[in-house]
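> sequence and predicted structure below; questions after.
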Amino acid sequence: MIEYVDTLLPYITTILLISSIYAIFSLGLNLEWGFTGLIDFGHVAFLAIGAYTTVMFNMSGFPLFLSVIAGIVLSGFFGLLLGIPTLRLREDYLAIVMIGFSEVLRFILLNEQWLTRGPFGIHGFDRPLQDVIPYQHYNTFLLILYLAILVIIYLSLERLVRSPWGRVLKSIREDEAVPSALGKNVFWYRLQSLMIGSAIAGLAGAMLAFYIMYIEPNTFKPIETFHAWIIIILGGTASNKGTIVGALVFCTFLSVTQFTNRFLPFTAHQMGAFRMIVIGLLLMLLMMYKPEGIFGKKEELALSD
Amino acid sequence: MDILSVKDLKKHFGGVKAVDGCSITIETGTVMGLIGPNGAGKTTMFNLISGFERGVGEIVFKGIRTDNLSPFKIARCGMVRTFQIPRALTKMTVSENLMLAPNTQAGERIWDVWLRPKRVREQERQIREKSRDILEFFEISHLEDEYAGALSGGQKKLLEMARAMMIDPSMMLLDEPFAGVNPTLARKISRYICELRKDGMTFLVIEHDIPAITKISDRIVVMNEGKVMAEGEPEEIKRRRDVLEVYIGGEG
C-alpha cells in the first residue's frame, strides 16, 4: 500500500503538471479561436518562442523572472508581427501562414546552432527557486506554482471575455461585418486577441522548459498545436473552464494509455499511433453526440449556423 | 443642409457597371427612398456609402470625405447601416447584440477593464438601461434575454434597427426594411422611421414596396442599370411613365 502511494503521488503530480502547462497553452488558443474565431494552426510557435527566449535570456545572465517576462513579451510581439499582414485577409490565410511559421521556426531552431545549439537542445538553465526548494519536493513546489499561475490566467481571461472587450471579440467571431458597421475596428481587436493568445502560449513555453529542464526544437512539432485544438474541442470551444478540464482529460488519457501496451500486442511506436486513432475516434463520437464539448454552450457553437 | 452628398460615384465589377456615375444629396432630417429593379445597383450604392466597398467618386458625410474611410470609421462619424438579410448575431442574446454597439465604452479597451473596473461597471449599467429603452421603443422588450438566433425574420429586422440606434447615429441606411415582413410589422417599422425622423434622424431606405416607401419618403431616387434615372417627390415619381415601365415591364 505504502509503495503504491509512493509511486502514485509523483505520477499524479506529473500528470497535473503536464495538464496545467497544456491548459495554459490551450487557454491562449481558446482566446484566439474560441472567442475571436481566429484559426491559428501554428500556436506551438509561440510555445517555442516563449521557451527558447526564457532559457536563452537566463543562460546569458538575466534573472529568471525577467527572462520569463522577455519570453512572454517576445511571443506577444511575434503574434503582432504575424497578425499585421494576415489578419486583414480571410481566416484561412492566417491558418496557412501560422502553420508555415511554426515549421519554419522549428527549422531555424534546428539549424542556427550558434544561437540555439540546434538538435542538441539546451539544458542547465535555472529553475524558479531551485536553491531554496529541496530537490525531492521540487515537483510538488512546481505544481503549486503552476496551479497558481493557471488560476491567475483563468480568472484574468474570464474577466476579459466577460467585459465589453470580450463582447466585441464574440461579435467578430460570429460576423465581422456587424461590428464593422457599428464602428468597431475589427482588425485591431483581432490583433489584440492574437497577441494575448500568443503571449499566454509564451508563458506556457517557459513553464514547459522549467518542468522538462531540457528543450530542443523537436519538442515543438505542429502536433502540439493540434493537441491544443483537441483539448479545446473536447472541453468546449469558448469555455475557459472546459479548456482546463479538456487539458486534464487529454493529458490523463495520454499518460494512462502508456501502460496499455502491457495488455495490447503493440510496440511503443504502434501504441503512439493507436492512441491517436482512439483520440480521433473519441472526437468523432463527441462531435456526433455532444458537438459543443464538455462545457460549451450549444447556442454558441462556433461551427454551427 | 445636406448631411450626405455623393458625387459621380462609380463601381465596376469586371464588365458590370454596378454603379455608374451616381450623384445624390440628402438633406438632414429627411427620408430618402432608393428604388429600382433588381440589379440596379442599390445595394452596391449602400456598400459604397458605408465603406464596405471602394469605388471611384466623392462621398461627403457631415462635411467629411468618407470615400476612403473604412466602414468602422464611417460608422463612428454617425452613419449606420442595416443589411438586406438581417445580420443578427445569433449566438449572442438580444441584449448583448444591443450592448455591443455603443462606441464610447471604456470596457472596450483592455487596460480600462483592469484599471477602471468601476467606470466599466457603471457604463455597463447605463448601456443596459439604454438598451432596454430602445427595445421598448421597438416593442421587443420581452425578447431581451433570448439568443438572437431564436428570433423570427421580422424580429431580427427590428433587432438590427434597435442595435443601430444604440450608437446614436445621425443617419441610418436601411436595406429593404419591409421585405419579408408581415403588414402589421411593416406598418410598425414605418411608424418608427417617421418617429425617428421627427427627432432629426436622416434615412436612406432601399425598398421594393412602392406604396410603403412613397408613404414615408420625402424624396425618392430611382436607379436603373447603375444610374440615377429619376429623382423627386414621391407623387412626382409615381406619375413618371419611365419609372413605371422599368418596374412593371413596359406595360404600365
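Happy to help now that I have it.

> OK, now which residue of the stretch 151-252 of chain B is nearest to chain A?
Residue of the stretch 151-252 of chain B nearest chain A, by Cβ to the nearest Cβ: residue B:167 (5.9 Å). In short, each C-beta sits where N, CA and C put it, glycine included.

> ok, residue A:205 touching residue A:54?
Yes: using Cβ atoms under 8 Å, residue A:205 is in contact with residue A:54, at 6.9 Å.

> which neighbours do these two share?
Both residue A:205 and residue A:54 are contacted by residue A:71, under the criterion Cβ atoms under 8 Å, 6 or more residues apart in numbering or on different chains.

> spit out the contact partners of the closest residue to chain A within the stretch 101-250 of chain B.
Going by Cβ to the nearest Cβ, chain A is nearest to residue B:107 of the stretch 101-250 of chain B, at 3.4 Å. By Cβ under 8 Å, 6+ apart, the contact list for residue B:107 reads A:163, A:164, A:165, B:113, B:120, B:123, B:124.

> I'd guessed residue A:99 sits against residue A:43; true?
No: Residue A:99 lies out of contact with residue A:43 (Cβ under 8 Å); the separation is 9.6 Å.

> of those two, who's got more company?
Higher neighbour count among residue A:99 and residue A:43: residue A:43, with 29 against 20, using other Cβ atoms under 10 Å in any protein chain shown.

> all helices of the chain, in order?
This is for chain A. For chain A, the helices defined by DSSP state H occupy A:2-29, A:44-59, A:64-86, A:91-111, A:113-116, A:138-161, A:164-174, A:177-182, A:186-212, A:222-235, A:240-256, A:268-289.

> should've been chain B
Ranges of helices in chain B, per DSSP H, are B:42-49, B:71-76, B:94-100, B:110-115, B:117-137, B:153-165, B:183-198, B:210-216, B:234-239, B:241-248.

> put together CSV for those helices, with distance to chain A on each row.
Converted to CSV, the helices of chain B look like this (distance: least, Cβ to the nearest Cβ, whole Å):
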stretch, distance to chain A
helix B:42-49, 10
helix B:71-76, 4
helix B:94-100, 5
helix B:110-115, 4
helix B:117-137, 7
helix B:153-165, 7
helix B:183-198, 17
helix B:210-216, 22
helix B:234-239, 28
helix B:241-248, 29
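
> want to throw those into JSON lines with distance to residue B:11 and mean neighbour count?
Converted to JSON lines, these look like this (distance: least, Cβ to Cβ, whole Å; neighbours: other Cβ atoms under 10 Å in any protein chain shown):
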{"stretch": "helix B:42-49", "distance to residue B:11": "6", "mean neighbour count": "24"}
{"stretch": "helix B:71-76", "distance to residue B:11": "15", "mean neighbour count": "21"}
{"stretch": "helix B:94-100", "distance to residue B:11": "29", "mean neighbour count": "23"}
{"stretch": "helix B:110-115", "distance to residue B:11": "37", "mean neighbour count": "15"}
{"stretch": "helix B:117-137", "distance to residue B:11": "33", "mean neighbour count": "15"}
{"stretch": "helix B:153-165", "distance to residue B:11": "24", "mean neighbour count": "23"}
{"stretch": "helix B:183-198", "distance to residue B:11": "27", "mean neighbour count": "15"}
{"stretch": "helix B:210-216", "distance to residue B:11": "23", "mean neighbour count": "18"}
{"stretch": "helix B:234-239", "distance to residue B:11": "24", "mean neighbour count": "14"}
{"stretch": "helix B:241-248", "distance to residue B:11": "20", "mean neighbour count": "15"}
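
> JSON lines please, covering those and showing mean pLDDT and distance to residue A:223.
Shown next, in JSON lines, are these (pLDDT from 0 to 100; distance: least, Cβ to Cβ, whole Å):
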{"stretch": "helix B:42-49", "mean pLDDT": "91", "distance to residue A:223": "43"}
{"stretch": "helix B:71-76", "mean pLDDT": "94", "distance to residue A:223": "38"}
{"stretch": "helix B:94-100", "mean pLDDT": "94", "distance to residue A:223": "36"}
{"stretch": "helix B:110-115", "mean pLDDT": "89", "distance to residue A:223": "32"}
{"stretch": "helix B:117-137", "mean pLDDT": "92", "distance to residue A:223": "40"}
{"stretch": "helix B:153-165", "mean pLDDT": "90", "distance to residue A:223": "42"}
{"stretch": "helix B:183-198", "mean pLDDT": "89", "distance to residue A:223": "53"}
{"stretch": "helix B:210-216", "mean pLDDT": "89", "distance to residue A:223": "59"}
{"stretch": "helix B:234-239", "mean pLDDT": "85", "distance to residue A:223": "65"}
{"stretch": "helix B:241-248", "mean pLDDT": "76", "distance to residue A:223": "61"}
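
> so for residue A:23, which of the ones you listed sits nearest?
Closest approach to residue A:23 among those is made by helix B:110-115 (22.0 Å; Cβ to Cβ).

> just checking, what packs against the closest one?
Applying 3 or more Cβ pairs under 8 Å, 6 or more residues apart in numbering or on different chains; DSSP states H and E, we find helix B:110-115 packed against helix A:138-161, helix A:164-174, helix B:117-137.

> who does residue B:147 bridge with?
residue B:93 (DSSP bridges).

> need the contact list for residue 242.
Looking at chain A here, since you left the chain open. By Cβ under 8 Å, 6+ apart, the contact set of residue A:242 is A:232, A:234, A:235, A:236, A:293, A:294, A:295, A:296.

> right idea, wrong chain: chain B
B:229, B:230.

> dump the helices and strands packed on helix B:110-115 to TSV, plus distance to residue A:48.
Putting the helices and strands packed on helix B:110-115 into TSV (distance: least, Cβ to Cβ, whole Å) gives the following:
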stretch	distance to residue A:48
helix A:138-161	19
helix A:164-174	25
helix B:117-137	35
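
> so which of these is nearest residue A:263?
Relative to residue A:263, the nearest member of those by Cβ to Cβ is helix A:138-161, separated by 28.2 Å.

> quick one: buried residues of the closest one?
Across helix A:138-161, burial judged by 16 or more other Cβ atoms under 10 Å in any protein chain shown covers A:138-139, A:141-143, A:145-146, A:149-150, A:153-154, A:156-157, A:160-161.

> helices and strands around it, which ones?
Counting contacts by 3+ Cβ pairs under 8 Å, 6+ apart, helix A:138-161 is packed against helix A:2-29, helix A:164-174, helix A:186-212, helix A:240-256, helix B:110-115.

> nearest to residue B:76, out of those helices?
Among the helices and strands packed on helix A:138-161, helix A:186-212 sits nearest to residue B:76 (Cβ to Cβ), with 12.9 Å.
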